[in-house]
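Q: build me a model:
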Amino acid sequence: MPYKVAVIVGSLRKDSINRKAAHALAQLAPESLQLEIVEIGDLPLYDEDLETADAPAAWTRFRAEVAAADAVLFVTPEYNRSIPGGLKNAIDVGSRPWGKAVWNGKPAAIMTVSPGALGGFGANHHLRQAISFFDMPVLGQPEAYVGSGHTLFGEDGAISNDASREFFGKFINAFAGLIGKVLG
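A: Numbering: from 1, shown residues only. Reported below is the predicted structural model:
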């Protein structure tokens, strides 16, 4: 039975390069992984006052989907040298209620994709810092700061060059290896 991987895409745009990257990773994933995008765009901003028996339905849905996963793959752009606000909100929503974080102990991997040359380096490291609290074993190698992301995909959304396809395959296979070591 494959490991279920919750894929969190930090960009909310329907046609984002990060969403395309997430789909490409799903296509290249080994049979040992089942990747499913968990949507974050409908999550109300985290407000502890809403943490009641009638918490927002989107929070409940999100928490249940991530909790059901064995591992988490983050694919995100960089906004102003950090992670997008929607992604930070998703991390906060998943971290509550206190003591019941859906992230705890799940193996994780981070790929940042940007049109810029730095490939989302700042976002990648800020995200690592944010999730370190949850004791998530995070894939260290290969590091995935993907620059010039807007040039990687064809009209059909598929990766348009062999070198990038090879790197994405290496990355997702390394993540499968980490998941197997942690959960196997």
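Q: where does the residue of the chain most remote from its centre land in three-state SS?
A: Counting by C-alpha atoms, centre = their mean, the extreme residue of the chain relative to its mean C-alpha position is Ala53, 27.9 Å from that point. Each residue gets one of three states, and Ala53 gets coil by DSSP: H, G, I helix; E, B strand; the rest coil.
Q: what residues are up against it?
A: Contact analysis of Ala53 by C-beta atoms under 8 Å, 6 or more residues apart in numbering lists nothing. From N, CA and C alone the C-beta is placed, and that goes for glycine too.
Q: so how far is Asp42 from it?
A: With distances taken as C-beta to C-beta, to the nearest Å, Ala53 is found 20 Å from Asp42.
Q: what bridges to the residue positioned nearest the centre of the chain?
A: If you average the C-alpha coordinates of the chain and look for the closest C-alpha using C-alpha atoms, centre = their mean, you land on Phe74, 1.4 Å from that point. For Phe74, the residues forming beta bridges with it (DSSP bridges) are Ile8, Ile110.
Q: ok, longest helix in the chain?
A: For the chain, the longest helix by residue count, based on DSSP state H, is helix 162-183.
Q: name the residues that touch it?
A: Here helix 162-183 makes contact (C-beta under 8 Å, 6+ apart) with 3, 5, 21, 24-25, 28-30, 32-33, 70-71, 73, 107, 109, 111, 137, 139, 141-142, 144, 146, 152, 159.
Q: out of those, which end up buried?
A: Buried members of those, scored by 16 or more other C-beta atoms under 10 Å, are 3, 5, 21, 24-25, 28-29, 33, 70-71, 73, 107, 109, 111, 137, 139, 144, 146, 152, 159.
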